[in-house]
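In: Quick one, what's the 3D model for this:
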Amino acid sequence: MAVSEPGWVWVFSGFSAMPLRALLYRRPSEPQAIEIIFDKSIYLVRLRRHRQARRYTLRIQAATREVVLTIPPRGTLKEARAFAQKQGGWIAARLDRLPEAVPFAHGVVVPLRGLSHRIVHRRGARGTVWTETSADGARLLCVAGKAPHINRRVGDFLRREAKRELETASLRFAADLGVTVRRLAVRDQSSRWGSCSTAGVLSYSWRLILAPGYVLNYLAAHEVAHLIEMNHSARFWRLVQRLCPDHERAKVWLDVHGSDLHRYGLADGLPQEGLKSMDVF
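Out: Numbers count the residues shown, from 1 in each chain. The predicted structure follows:
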């Protein structure tokens, strides 16, 4: 089960029939991407042929600002190009709405547990990454070492902090319910904040460490509750309420601010790992 975020998608079901021998995957001669022009601007659209797709689907990857067009097995490049070009205005409008990427660099302000911290490069200092408070009360995220390593070091630090806090919360909630967490992983989830497998494996987005603590606790409670109820039934939500009485507040925070967390740590629009899709139907 997963907690997902909304976004945008355009679909088009009209494509011409092709023989069964049509490739289910991209043909060797098929380009990986196409360009479309709208209002004097050029947009790169990555092509993805999927054997289970029934229609053309145009999607925005919010974290990378990448436009992805999924093509059904019998779809044609000509129809795909026409569909993407027709939606040029939609692509431009959605990209304009996305927040700009914020790399981890000296002077940049990033949230940590919901509180703003300014990254400060301390090249000659010992250690890697730590927090401190300046004389004027400002919260600092200090990074030692050479400047080119700041982005990676901050990212690694946040992942470690996220895993430590998510493990603590998950194990606490699991003990409350009398269930066992088989394994816990922290990644840059592509379209969800957390997930739970039938084997008892929990997976979370490291970006939860950027949110207030009650939001991280809610996600841990949500996924641990799935160890008993692999659904979103009334019984499931009663378990979540028992573990995290503040869960409605956390859900509202994610709805309002969640997508903004995916812009941090991105340099030149490239993710450190994974993608974040924005899908609205």
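
In: Break the chain into its domains for me.
Out: 2-97, 109-265 (automatic domain parsing).

In: Show me what the lengthiest helix in the chain is packed against.
Out: Ranked by residue count under DSSP state H, the longest helix found in the chain is helix 150-177. Counting contacts by 3 or more CB pairs under 8 Å, 6 or more residues apart in numbering; DSSP states H and E, helix 150-177 packs against strand 109-112, strand 115-122, strand 129-133, strand 139-144, strand 183-187, strand 201-205, helix 213-225, helix 234-243. C-beta coordinates here come from the backbone N, C-alpha and C atoms, glycine included.

In: Report the angle between it and helix 213-225.
Out: Taking axes from the mean of the first three to the mean of the last three CA atoms, to 10 degrees, one finds helix 150-177 and helix 213-225 inclined to each other by 50 degrees.

In: Let me see the mean pLDDT of helix 150-177.
Out: Per-residue pLDDT values across helix 150-177 average out to 97.

In: list the buried ones in it?
Out: 150-151, 153-155, 157-159, 161-163, 165-167, 169-170, 173-174 (16 or more other CB atoms under 10 Å).

In: Just give me the neighbour total for residue 147.
Out: Counted with other CB atoms under 10 Å, residues neighbouring residue 147 total 11.

In: right, I mislabeled it, should have said residue 96
Out: The number of residues packed near residue 96 is 7, by other CB under 10 Å.

In: quick check, it in a strand?
Out: No: using DSSP: H, G, I helix; E, B strand; the rest coil, the assignment for residue 96 is helix, not a strand.

In: tell me the most buried of the domains of the chain?
Out: Across the domains of the chain, averaging neighbours per residue (mean count of other CB atoms under 10 Å) puts domain 109-265 on top, at a mean of 17.

In: first to last residue in it, what's the distance?
Out: Start-to-end span of domain 109-265 (CA to CA, to the nearest Å) is 11 Å.

In: One more: stretch 238-258?
Out: 24 Å.

In: Could the C-alpha coordinates of stretch 156-163 be exported in PDB?
Out: C-alpha atoms of stretch 156-163 as PDB (Å, rounded to 0.1, in the frame of the first residue of the first chain):
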ATOM      1  CA  ASP A 156      23.700  11.800   2.700                       C
ATOM      2  CA  PHE A 157      23.200  13.500   6.100                       C
ATOM      3  CA  LEU A 158      19.400  14.000   5.500                       C
ATOM      4  CA  ARG A 159      19.000  10.300   4.400                       C
ATOM      5  CA  ARG A 160      20.700   9.100   7.600                       C
ATOM      6  CA  GLU A 161      18.600  11.300   9.700                       C
ATOM      7  CA  ALA A 162      15.400  10.200   7.900                       C
ATOM      8  CA  LYS A 163      16.200   6.500   8.300                       C
END
